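Q: below: sequence and its predicted model.
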Amino acid sequence: MKNLLVDDEFYQKIKNYAVFIPLIKIDGKDHVLLEIRGKNIAQAGEVSFPGGKLEENESFKDAAIRETMEELLLERDDILYMGYSSMILNSSYMHIKSFYGRINKNIEEIKYNEEVESIFAVSVDFLKKNQPIMYRAPYKMEFPNDFPFEKIPNGRDYKFVSLYHDMYFYDTNPVIWGLTAKLLKNFIESLDEYE
């Protein structure tokens, strides 16, 4: 699986994004810094990590760092890159890779651009002790009236594969959910592996 080959038709549908999971010290303890998205961008008001779409010939890591610098108005020296965290490829062909590192500033010093409404931080200790709640929603297949059931074995009784979408929610204020919660869960679990 590590060297999975994909056809051009599939590859052309993929939209590549990168996010950065910023760690920041508050009162001597590690916290994860998150953003609330600005009013004039997609998914306004949602909680997210700094990140965005890759530019031409840009690596995922470079995109994650660039987006963090742009959104949080940071210099490259303000960010200590620490490593790769995880990736998601969802049913909408969004391919997201997450990276993590440390922001070498106090949270009060961090400003942000118009893509960000505000920032907040959640302690790593809290996240380790409070796993997200997972909700599972089935994908529902809705067939058009003229679907040719007569052309497939067992017709309307054909055993179609049931697919599900797992959504995670952290009990935080504001609530961290969706892809951000999934990437955060992956990151926190990876920290546990190395301790």
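A: That came through, no problem. Computed from a predicted structure; not experimentally measured.

Q: tell me the mean pLDDT over whatever helix or strand Asp30 lives in?
A: Using DSSP states H and E, the element containing Asp30 is strand 29-37. On average, the pLDDT along strand 29-37 is 97.

Q: what sits up against the following helix or strand past that strand?
A: Note on strand 29-37: by DSSP H and E, the next helix or strand toward the C-terminus is strand 47-48. Identification of contacts with strand 47-48 by C-beta atoms under 8 Å, 6 or more residues apart in numbering yields 19, 34-37, 174-177, 180. All C-beta atoms are positioned from the backbone trio N, CA, C, and that covers glycine.

Q: show me what the strand or helix carrying Met134 is packed up against.
A: Assigned by DSSP H and E, Met134 falls within strand 133-138. Where contact means 3 or more C-beta pairs under 8 Å, 6 or more residues apart in numbering; DSSP states H and E, strand 133-138 is packed against strand 164-170.

Q: output the strand it packs on as CSV, nothing but the C-alphas.
A: Output in CSV follows, covering the C-alpha atoms of strand 164-170 (Å, rounded to 0.1, in the frame of the first residue of the first chain):
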residue,chain,number,x,y,z
TYR,A,164,-20.3,5.2,6.9
HIS,A,165,-18.9,8.6,7.7
ASP,A,166,-17.3,8.8,11.2
MET,A,167,-17.4,12.3,12.7
TYR,A,168,-15.5,13.2,15.9
PHE,A,169,-16.4,15.9,18.4
TYR,A,170,-14.3,17.3,21.3
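
Q: output the lengthiest helix in the chain as PDB - backbone C-alpha positions only.
A: Ranked by number of residues, the top helix in the chain under DSSP state H is helix 178-193. C-alpha atoms of helix 178-193 as PDB (Å, rounded to 0.1, in the frame of the first residue of the first chain):
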ATOM      1  CA  GLY A 178     -15.100  17.100  11.800                       C
ATOM      2  CA  LEU A 179     -11.800  16.800   9.900                       C
ATOM      3  CA  THR A 180     -10.100  19.100  12.400                       C
ATOM      4  CA  ALA A 181     -11.100  16.800  15.300                       C
ATOM      5  CA  LYS A 182     -10.000  13.700  13.300                       C
ATOM      6  CA  LEU A 183      -6.600  15.200  12.600                       C
ATOM      7  CA  LEU A 184      -6.300  16.400  16.200                       C
ATOM      8  CA  LYS A 185      -7.200  12.900  17.500                       C
ATOM      9  CA  ASN A 186      -4.600  11.300  15.200                       C
ATOM     10  CA  PHE A 187      -2.000  13.800  16.500                       C
ATOM     11  CA  ILE A 188      -2.800  13.200  20.200                       C
ATOM     12  CA  GLU A 189      -2.700   9.500  19.800                       C
ATOM     13  CA  SER A 190       0.700   9.700  18.100                       C
ATOM     14  CA  LEU A 191       2.000  11.700  21.100                       C
ATOM     15  CA  ASP A 192       1.000   8.800  23.400                       C
ATOM     16  CA  GLU A 193       2.900   6.300  21.200                       C
END
